[in-house]
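In: Structure of the sequence below:
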Amino acid sequence: MTINGYVGGPNGENDWMTWNPDAEFIAFLETLLDASDTLLVGRKLAGAGFIEYWENAANKNPAPPFAKKIAAMTKLVFSKTLDKSNWNKTTLATGDLAEEIARLKNLDGKDILVFGGANFVSSLIKEKLVDEYHLIINPAAIAGGMTIFHALDSIQEFTPIQSRLYPGGKTILSFKPKTD
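Out: Next comes the predicted model:
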């Protein structure tokens, strides 16, 4: 996310995103991955090569940090248009978003992690399905683009969990939504 709240340019561009990972930032991401056993992804991000990227990266020598963890996770792609998945360890969720998430939350297992895209995450936010936010802020601003909070129809307040600036330049802002 940019410092002014965009997660992509007007057409989803992410050329503004910085990647200068330091050991502490990688450790934070690995902690999130280790606490999770399911990864939710929207159809557009999945179709844009996200899943294939991490599968291919996990097979490189040396593999980028945490690539093997992402590739090994069970992935659920939410889609109203796809009828089958061609990705490894991936199934499709085509039903009602809130019902699918409730079903997942009732299963035994670890946390559920979400890696966008913007419209998919906006849908989760609008339905109040996100239990915890870890916003990764890049030290960049763009003139306009996609935000994950555009679908809100009322004010959403949050309780801060933590904030942390990492040596590589990224800041993590972590929040829990306040409930009524």
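
In: Nearest the geometric middle of this structure, what residue?
Out: Centroid-nearest residue in the chain: Phe115, 1.9 Å away (criterion: CA atoms, centre = their mean).

In: So what does that residue look like in phi/psi?
Out: phi -120, psi 90 (degrees, to the nearest 10).

In: from what I can see it touches Phe50, true?
Out: Yes. Using CB atoms under 8 Å, Phe115 is in contact with Phe50, at 6.9 Å. No exception for glycine: its C-beta is placed from N, CA and C like everyone else's.

In: which residues are in contact with both of those two?
Out: Val41 (CB atoms under 8 Å, 6 or more residues apart in numbering).

In: if we can go back for a sec, for the residue nearest to the centre of the chain, give its distance to Gly169.
Out: Applying CB to CB, to the nearest Å, the value for Phe115 to Gly169 is 20 Å.

In: likewise Met146?
Out: Met146 is 22 Å from Gly169, where distance means CB to CB.

In: ok now do the residue nearest to the centre of the chain, which residues does it touch?
Out: 39-41, 45, 50.

In: Ser163: neighbouring residues, count only.
Out: Neighbourhood size, Ser163 [other CB atoms under 10 Å]: 12.

In: Make sure I have this right: it is in a strand.
Out: Yes. Counting by DSSP: H, G, I helix; E, B strand; the rest coil, Ser163 falls inside a strand.
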